[in-house]
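J.: what follows is a protein structure lacking sequence information:
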């Protein structure tokens, strides 16, 4: 029989078998003569003080070896002749939905507007070199969705919606390191995630499912309030009693398809702002008290939030040891995001710093129709393109100048490959947003002395934090209330915010489809 024991060890004792045995023995009141067997199942770093510690959870057995834990396996089957289910989008929501449907005995047909992950690598590399942007194969579109080349962070707070452990186990089943099952804030890295995505897609195909790349949904086909299938941009008609919309937060044309079909969509809150970049050594010093990292200590990160004039200002998608990347999906816009490789070994650290935008704010910034959130996103992105001077060059400012409200005469080095151009970002943002971002940085300085530094650079615009739109669905059936058999899912539908929550939502939708078709 095994039990779980929580202990705390000093940084210098992390990885020491004798220190682990001593800590476990102290908790259990054991003597040195007692036989202990243990396995690490959870770890998190506590760096709230200068005395850094690791919080560890062990599975422990006294006097006998630990019983073996059965490895997780997906129960995939041949569904080549099974009932087809159409899934629009090959991001985490779509892929996890497809795998779960195979387990349930249905044949997923996945449509992806972009390319497979191997071909997509070349398009992403071309964007970084300032070459032509492929509108359907970039950091946002293509196999695996937006998360494939922007980090692979696996932390979620959506634990009540489903099983994060199952999602992590599926990723390990397809090649992810088992460390993601242990870490409190697991991370795969943009250098490793593409191979995992490819393995997942190959499993779908080997089970008889289909994945159609460079294939867009043009229109929904419905009759008498029921879904009948879809029409692709190539004119093909695919029929199914169930269609999953898992198109991600940047597929704006999908919202237009829904409106053409007479189906409602809703505005929701989201956030826009900037991406700030530091030397990683500076963040290490702020968080840990020293720049050079000792053994067993990962590059430092931060998570900050403040209330400024009634709106939340917060850090988003913090990338220690990371790189800022161009995430535009149009030739006339600039969008910035961040990612880290698995070892987080870049000399830079970056994070989004964004301010909440609520639906009631949008009439101040432009129109007030249902797409006003999308329109405001587009306005900022196109304005950033103009201020940057074109070719994905990002408008930028020293952080000290951003907070002071003055233009920068020059800029520090930066990881953003297409380049930066010094501007006054007051020319980009409405004053209500700019002032809140300024106040947010000032608030963070109070929490982390040295957060505002002349060597930090601010790039614009960070605008794809989440979708400004929610596609309504019934809380029980997961279906659109006006279209029986249409299942909105994931980030693009407004029900997720990252790889983990999108994957969980995709699995939940698959379960709902099983119940719908069984009935």
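T.: Arrived safely, thanks for sending. Since the model is a prediction, treat every value here as computed from it, not as a measurement.
J.: tell me the SS of residue 276?
T.: Under DSSP: H, G, I helix; E, B strand; the rest coil, residue 276 falls in the strand class.
J.: what's the neighbour count on it?
T.: Residue 276: 26 surrounding residues under other CB atoms under 10 Å. The way it works is simple: take the backbone N, C-alpha and C, and place the C-beta from them, glycine included.
J.: i'd like the first residue to be 11 from this point on
T.: Sounds good: first residue 11 from here, last item residue 286.
J.: quick check: phi and psi on residue 432?
T.: Residue 432 has phi and psi values of phi -70, psi 130 when expressed as degrees, to the nearest 10.
J.: partners of the one helix or strand residue 66 maps to in the sheet?
T.: With elements taken from DSSP states H and E, the one containing residue 66 is strand 63-72. For strand 63-72, the paired strands and their directions (DSSP bridges) read strand 13-20 (antiparallel), strand 46-56 (antiparallel).
J.: mean pLDDT, distance to residue 479 and mean neighbour count added to those, as a markdown table?
T.: Converted to a markdown table, those look like this (pLDDT from 0 to 100; distance: least, CB to CB, whole Å; neighbours: other CB atoms under 10 Å):
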| stretch | mean pLDDT | distance to residue 479 | mean neighbour count |
| --- | --- | --- | --- |
| strand 13-20 | 94 | 42 | 14 |
| strand 46-56 | 94 | 35 | 15 |
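J.: hmm, back to that, can you name every helix or strand that the next helix or strand after the strand holding residue 66 contacts?
T.: Once strand 63-72 ends, the next helix or strand along the chain (criterion: DSSP H and E) is strand 94-98. Using 3 or more CB pairs under 8 Å, 6 or more residues apart in numbering; DSSP states H and E, the elements in contact with strand 94-98 are helix 102-114, strand 117-122, strand 236-242, strand 247-249, strand 253-255.
J.: what mean pLDDT does the first one get?
T.: Averaging pLDDT along helix 102-114 gives 98.
J.: now it: buried residues?
T.: By 16 or more other CB atoms under 10 Å, the buried positions in helix 102-114 come out as 102-114.
J.: what is the nearest of those to residue 341?
T.: residue 104 (26.2 Å; CB to CB).
J.: show me what contacts the nearest residue to that closest one once chain neighbours are set aside?
T.: Leaving aside its chain neighbours, residue 104 sits nearest to residue 256 (3.9 Å; criterion: CB to CB, 6 or more residues apart in numbering). Applying CB atoms under 8 Å, 6 or more residues apart in numbering, we find residue 256 in contact with 97-99, 101, 103-104, 107, 499-500, 502-503, 512, 516, 519.
J.: next one: residue 160
T.: Counting by CB under 8 Å, 6+ apart, residue 160 has contacts 149, 200, 327, 335, 337, 347, 348, 349.
J.: okay, who's weakest in the residues you listed by pLDDT?
T.: residue 200 (80).
J.: thinking again about what came up before, now tabulate the contacts of residue 256 in a markdown table and tack on distance to residue 185.
T.: Shown next, in a markdown table, are the contacts of residue 256 (distance: CB to CB, whole Å):
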| residue | distance to residue 185 |
| --- | --- |
| 97 | 22 |
| 98 | 26 |
| 99 | 22 |
| 101 | 18 |
| 103 | 20 |
| 104 | 19 |
| 107 | 20 |
| 499 | 24 |
| 500 | 22 |
| 502 | 26 |
| 503 | 28 |
| 512 | 19 |
| 516 | 19 |
| 519 | 24 |
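J.: hmm, back to that, so for the strand holding residue 66, what gets flagged as buried?
T.: For strand 63-72, burial by neighbour count (16+ other CB under 10 Å) applies to 63, 64, 66, 67, 68, 69, 70, 71.
J.: looking at those residues, spot the one nearest residue 380.
T.: Checking the buried residues of strand 63-72 against residue 380 by CB to CB gives residue 67 as the nearest, at 46.6 Å.
J.: buried residues in the helix or strand bottoming out on mean pLDDT in the chain, which are they?
T.: Across the helices and strands of the chain, mean confidence by mean pLDDT, DSSP states H and E is lowest for helix 372-375: a mean of 78. Applying a neighbour-count criterion of 16+ other CB under 10 Å, the buried positions in helix 372-375 are 372, 375.
J.: show me what that helix is in contact with.
T.: Identification of contacts with helix 372-375 by CB under 8 Å, 6+ apart yields 277, 378, 382, 383, 386, 389, 440, 442.
J.: looking at these, which are in helices?
T.: Residues of the contacts of helix 372-375 located in helices (DSSP state H): 382, 383, 386, 389, 442.
J.: buried subset of the residues you listed, written for ChimeraX?
T.: ChimeraX command restricting these to the buried ones, with burial defined by 16+ other CB under 10 Å:
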select :382,383,386,389
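J.: take the ones in helices among the contacts of helix 372-375 and write them to JSON lines, including pLDDT and distance to residue 205.
T.: Shown next, in JSON lines, are the ones in helices among the contacts of helix 372-375 (pLDDT from 0 to 100; distance: CB to CB, whole Å):
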{"residue": "382", "pLDDT": "94", "distance to residue 205": "40"}
{"residue": "383", "pLDDT": "94", "distance to residue 205": "35"}
{"residue": "386", "pLDDT": "95", "distance to residue 205": "37"}
{"residue": "389", "pLDDT": "95", "distance to residue 205": "38"}
{"residue": "442", "pLDDT": "94", "distance to residue 205": "44"}
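J.: the ones in helices among the contacts of helix 372-375 into JSON lines, with extra columns for distance to residue 16?
T.: Below are these laid out as JSON lines (distance: CB to CB, whole Å):
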{"residue": "382", "distance to residue 16": "48"}
{"residue": "383", "distance to residue 16": "43"}
{"residue": "386", "distance to residue 16": "46"}
{"residue": "389", "distance to residue 16": "50"}
{"residue": "442", "distance to residue 16": "46"}
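J.: which one of the ones in helices among the contacts of helix 372-375 is nearest residue 174?
T.: Closest approach between the ones in helices among the contacts of helix 372-375 and residue 174, by CB to CB: residue 383, at 28.4 Å.
J.: residues in contact with the closest one?
T.: For residue 383, the contacting residues are 277, 278, 280, 367, 369, 372, 478, 479, by CB under 8 Å, 6+ apart.
J.: wait, which of those residues is closest to residue 431?
T.: Nearest member of the contacts of residue 383 to residue 431, counting by CB to CB, is residue 367, at 25.1 Å.
J.: the closest one touches residue 277, doesn't it?
T.: No. In this structure, residue 367 is not within contact of residue 277 by CB atoms under 8 Å, at 10.0 Å.
J.: those two: which is more packed in?
T.: Shown here are residue 367 and residue 277; by other CB under 10 Å, residue 367 has more neighbours (26 against 21).
J.: and that one, backbone torsions?
T.: The phi/psi pair for residue 367 (degrees, to the nearest 10) is phi -120, psi 120.
J.: how far is the top helix by length along the chain from where the chain is centred?
T.: Of all segments of type helix in the chain, defined using DSSP H, the longest is helix 509-528. Mean-position distance between helix 509-528 and its chain equals 18 Å (CA atoms, centre = their mean, to the nearest Å).
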